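>>> show me the folded form of this:
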Amino acid sequence: MTMIPDKMHTNPQPDKIFKQNQQQLRTPVENCSEILALLNAQGIITSVSSSISTILGHTSDAIVGAQIESLLHPDDIDTIRQVFSTIAQTPGESLSAEYRLCHQDGSWRRCEGSITNFLQTPGMETLVASFRAIAEHRPTLPLYAMRKDDFAHFVQFYETDDFLLDILSNFIGAGLASSEPCIVIATQAHREGLEQQLKANGLDLDTAAARDIYLSLDADEVLSQFMEHDLPVPERFSEVMGKVLVQASKGQKRLLIFGEMVAQLWARGNSTAAIQLETLWNKLYNAHPSFSLLCAYPMYNFTGETYRQLFNEICHQHSQVIPDEHYTLLPNLDERLRAIALLQQQANSLENEIMERKEVEARFQRLFESNLIGVFLSDFDGIFLDANDAFLDLLGYTRAEMQAGILQRDTLTPPEFQHLSVQAVQALQEKGSSGTYEKEYLHKSGRRIPVLIAVTRIEQTDTCIGFVLNISERKELDKRKDEFISIASHELKTPVTSLKGFLGLLQRLLGAPQGEAREKGLYYLARMDAQINKLTKLINDLLDLSKIQTGKLAYQEERFDLRALAQEIVENTQGTTQTHHIQLEGIARVEVFGDRDRIGQVLINLLNNGIKYSPQAGKILVRVVKDQQTVTVSVQDFGIGIAKKHQQKIFERFYQINDAETKTYLGLGIGLHISCEIIKRHGGQMWVESEKGYGATFYFSLPLT
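Residues are numbered from 1 along each chain as shown. Purely as a prediction, here's the structure:
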């Protein structure tokens, strides 16, 4: 089987049929030497000409409704499927091929057929197939010799002159046998070798030359007519070759041309001129009759990486690429041509696949570069081959340092985590994936960065792609939770221990004299009440924190005087401290809308903190000020202050300042978080201004009603 792609179907009889409507198409064609059939997209025959009975012995009625594959030789079924697959992609596309069709008597008839896609043509919506019987002994022509009335530019690669001469004798010989004009522009050695084979095949070259259907020209002599400064001059090329084409074609027949001028330029090391000449051949078709041009390059001219890009460029200049003799070991020319046709289709599919892969790579590159988590490529030895900015920023290194080979897995991994890297590499080699695990990387500054990492192996390579998530914040939160549990346990244990001790004292006092026992009992009860209040506040804070996290903290909103609330809270807090004087300043009255008790809770927390963290000071200032839209309350102490690095974080849940001075003041790290959330719930803001050693001023603002 030989399959020939055509851009246009040019058989004159089908051309007339294609112009008719679908009803006319379904009228059988009588007295036709060809079988004309209409097929649907599934390959089912919907109409067939009565000539099928003459050629294959079947009646039309028996064939309509059958699958076209049911008529084909089993070895040709893949061919028809390839044809269907190819033409279905392009409306109007036509493919010609040779098939063996089944005669009614069970024998096989060799036919030449073409199928054209009119599925997308309104009023037709069909595939048109035509078949005609051919002689069994007819010589099989090369793929490039079968192209009809269309420009075809082929390139044949070869390794031996004998193989090239076999191809040429088949190409030129088939053309001369069909009385098609043939032009050979080649080296003297190849022209002489070709003529010997053509004559051995029984062709009369003298008669062919006398009839002007065979023209043999020396490649170097033709080149000299249009080359200047080692480059082809386009105008002179068109003039010289135009005259040759007109002389040979006489404006009637399609031409077959073998040109070896490009190969001569390539052999001289002038690849630029060779590619330019290929381009000029392509342009020449626009001004002259249809022709098929075969070029040939010896493979020894393409050794080394230097010529890879140029080799690809040559392939792109041609409509089809024919591989050299070592691409197939099939001895039969017909089988070889089938393999070549399949190879051509595979090459087209491969080109599409390459384009798709490039698109995927481009999308991956965009993802690689824009990903918020770290992404890297490495080998099994732990050398980082590439990484996105997120990964480099995480470790503090530059891209130049990575490209210099500074970034290596083992040097960036602390010793106690090295065993995890070894296990990950083993899993990658055995399973292709490391799974997800935690480890630490060493930042360029030396600090440790906890990360969550997952690595997978790129198939059929020793390259791995890894994804790295910085879990420092999660680890910090875990640490805060641990510290919170420790402190909460201590805070809960202290009042319970005190209560237990006071109860023991009260029990002993029951046996003491009445007056002394009563006085001491009242003292111990007051101390117990203070511890119970402390315990109650702690439990309430924990409940509030839980409700805030679930969004269930209740608010009873109403209009109230914020200045009056501040006055009340100041007076109540003043009654609990003998060490500090709390001074209230600001406006006389300001009304807001919110939960009075919750805002009072915030003020109490800020005042208690001010007293707690200013043990050497004796004053706390509370101010209430307003502008046109908000009212702002501030609580200022003159104590130990807060460093800049902590001022944003102290409002986070469980956050504890860990410097030595602050650690002496135990707390759960939830009071400011609860206060901040309450203020946010009221549409306000909370912040702090402080310097280490100079006290702190906490602010919260609320919108005016």
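
>>> what about residue 177, distance to residue 198?
10 Å (C-beta to C-beta, to the nearest Å). In short, each C-beta sits where N, CA and C put it, glycine included.

>>> next: residue 438.
To residue 198, residue 438 is 78 Å away according to C-beta to C-beta.

>>> again with residue 57
39 Å.

>>> do the same with residue 105
Residue 105 is 39 Å from residue 198, by C-beta to C-beta.

>>> what about those two, which has more around it?
Neighbours per residue (other C-beta atoms under 10 Å) separate residue 105 from residue 198, with residue 198 holding more: 22 against 7.

>>> helix or strand right after the helix or strand that contains the more buried one?
When elements are assigned from DSSP states H and E, residue 198 belongs to helix 188-200. In the C-terminal direction, the helix or strand that comes right after helix 188-200 (DSSP H and E) is helix 205-210.

>>> what comes up buried for that next one?
residue 208 (16 or more other C-beta atoms under 10 Å).

>>> residues contacting it, please?
176, 182, 195, 198-199, 214-216 (C-beta atoms under 8 Å, 6 or more residues apart in numbering).

>>> in stretch 180-197, what counts as buried?
Residues 180-187, 190-191, 193-195, 197 are the ones in stretch 180-197 that count as buried (16+ other C-beta under 10 Å).

>>> please save the CA atoms from it in CSV.
The C-alpha coordinates for stretch 180-197 follow below in CSV (Å, rounded to 0.1, in the frame of the first residue of the first chain):
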residue,chain,number,x,y,z
GLU,A,180,6.0,13.2,-17.5
PRO,A,181,8.8,15.6,-18.0
CYS,A,182,11.8,14.9,-15.8
ILE,A,183,14.7,17.2,-14.9
VAL,A,184,17.9,16.0,-13.2
ILE,A,185,20.3,18.6,-11.8
ALA,A,186,23.1,16.5,-10.3
THR,A,187,26.8,15.8,-10.1
GLN,A,188,28.3,14.1,-13.2
ALA,A,189,28.9,10.9,-11.3
HIS,A,190,25.2,10.7,-10.2
ARG,A,191,23.9,11.6,-13.6
GLU,A,192,26.0,8.9,-15.2
GLY,A,193,25.0,6.3,-12.6
LEU,A,194,21.4,7.2,-12.9
GLU,A,195,21.4,6.9,-16.7
GLN,A,196,23.0,3.5,-16.6
GLN,A,197,20.2,2.2,-14.3
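
>>> gap between it and the chain center?
Distance, stretch centre to chain centre, for stretch 180-197: 52 Å (C-alpha atoms, centre = their mean, to the nearest Å).

>>> which residue ranges make up each domain of the chain?
Segmentation of the chain into domains, based on automatic domain parsing, reads 3-133, 144-327, 372-469, 475-550, 557-703.

>>> pick out the shakiest of the ones you listed, pLDDT-wise.
Ranked on mean pLDDT, the bottom entry among these is domain 475-550, at a mean of 65.

>>> contacting residues around the closest residue to residue 459 other than its chain neighbours?
Closest residue in space to residue 459, ignoring its immediate chain neighbours: residue 432 at 7.4 Å, by C-beta to C-beta, 6 or more residues apart in numbering. Neighbour list for residue 432: 456-457, 459 [criterion: C-beta under 8 Å, 6+ apart].

>>> what about those, which are in strands?
456-457 (DSSP state E).

>>> of the contacts of residue 432, buried ones?
Buried residues within the contacts of residue 432, counting neighbours by 16+ other C-beta under 10 Å: residue 457.

>>> now, among the contacts of residue 432, which is nearest to residue 581?
For the contacts of residue 432, the residue nearest residue 581 by C-beta to C-beta is residue 456; the value is 66.4 Å.

>>> run through the helices of the stretch 551-700 of the chain in chain order.
Assigned by DSSP state H, counting those that start in this stretch, the helices in the stretch 551-700 of the chain fall at 562-574, 596-612, 671-681.

>>> mind putting these in TSV, mean neighbour count and distance to residue 475 included?
Below are those laid out as TSV (neighbours: other C-beta atoms under 10 Å; distance: least, C-beta to C-beta, whole Å):
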stretch	mean neighbour count	distance to residue 475
helix 562-574	18	38
helix 596-612	20	27
helix 671-681	21	19
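
>>> show me the one of these that comes nearest residue 265.
Shortest distance between residue 265 and the helices of the stretch 551-700 of the chain, using C-beta to C-beta, is found for helix 671-681: 78.5 Å.

>>> hmm, who's touching that closest one?
In contact with helix 671-681 (C-beta under 8 Å, 6+ apart) are residues 541, 544-545, 548, 553, 555, 595, 598-599, 601-602, 605-606, 608-609, 650-655, 685-686, 700-702.

>>> quickly find the element holding residue 157.
strand 152-158.

>>> and that strand, what does it pack against?
helix 161-177, helix 271-284, strand 291-298, strand 320-322 (3 or more C-beta pairs under 8 Å, 6 or more residues apart in numbering; DSSP states H and E).

>>> give me the contacts around the third one.
What that stands for is strand 291-298. So strand 291-298 is contacted by 144-145, 147, 151-159, 164, 167-168, 171, 245, 249, 254-260, 262-263, 266-267, 278, 281, 285, 314, 318 (C-beta under 8 Å, 6+ apart).

>>> and the angle from that strand to helix 161-177?
Interaxial angle, strand 291-298 versus helix 161-177 (axes from the mean of the first three to the mean of the last three C-alpha atoms, to 10 degrees): 170 degrees.

>>> from residue 633, how far off is residue 687?
Distance from residue 687 to residue 633, by C-beta to C-beta: 12 Å.

>>> what do these two both touch?
With C-beta under 8 Å, 6+ apart, residue 687 and residue 633 have common neighbours 699-700.

>>> neighbour-wise, which of the two wins?
A count of neighbours by other C-beta under 10 Å puts residue 633 above the other of residue 687 and residue 633, at 27 against 15.

>>> verify the stated contact: that one with residue 624.
Yes - with contact defined as C-beta atoms under 8 Å, residue 633 and residue 624 form a contacting pair (5.4 Å).

>>> who's in contact with residue 695?
By C-beta under 8 Å, 6+ apart, the contact set of residue 695 is 614, 617, 636-641.

>>> swap in residue 638?
Neighbour list for residue 638: 614, 617, 619, 694-695 [criterion: C-beta under 8 Å, 6+ apart].

>>> same thing but at 6 Å, please
Contact analysis of residue 638 by C-beta atoms under 6 Å, 6 or more residues apart in numbering lists 614, 617, 695.

>>> how close does the first one sit to residue 88?
Summarising the geometry, the distance separating residue 614 from residue 88, computed by C-beta to C-beta, is 85 Å.

>>> those two - which one has more neighbours?
The residue with more neighbours, out of residue 614 and residue 88, is residue 614; 21 against 14, by other C-beta under 10 Å.

>>> hmm, the more buried one is touching residue 637, no?
Yes - taking contacts as C-beta atoms under 6 Å, residue 614 lies within contact range of residue 637: 4.1 Å.

>>> relative to residue 551, how far out is residue 657?
Applying C-beta to C-beta to residue 657 and residue 551 gives a distance of 28 Å.

>>> between the two, who's got more neighbours?
Neighbours per residue (other C-beta under 10 Å) separate residue 657 from residue 551, with residue 657 holding more: 18 against 7.
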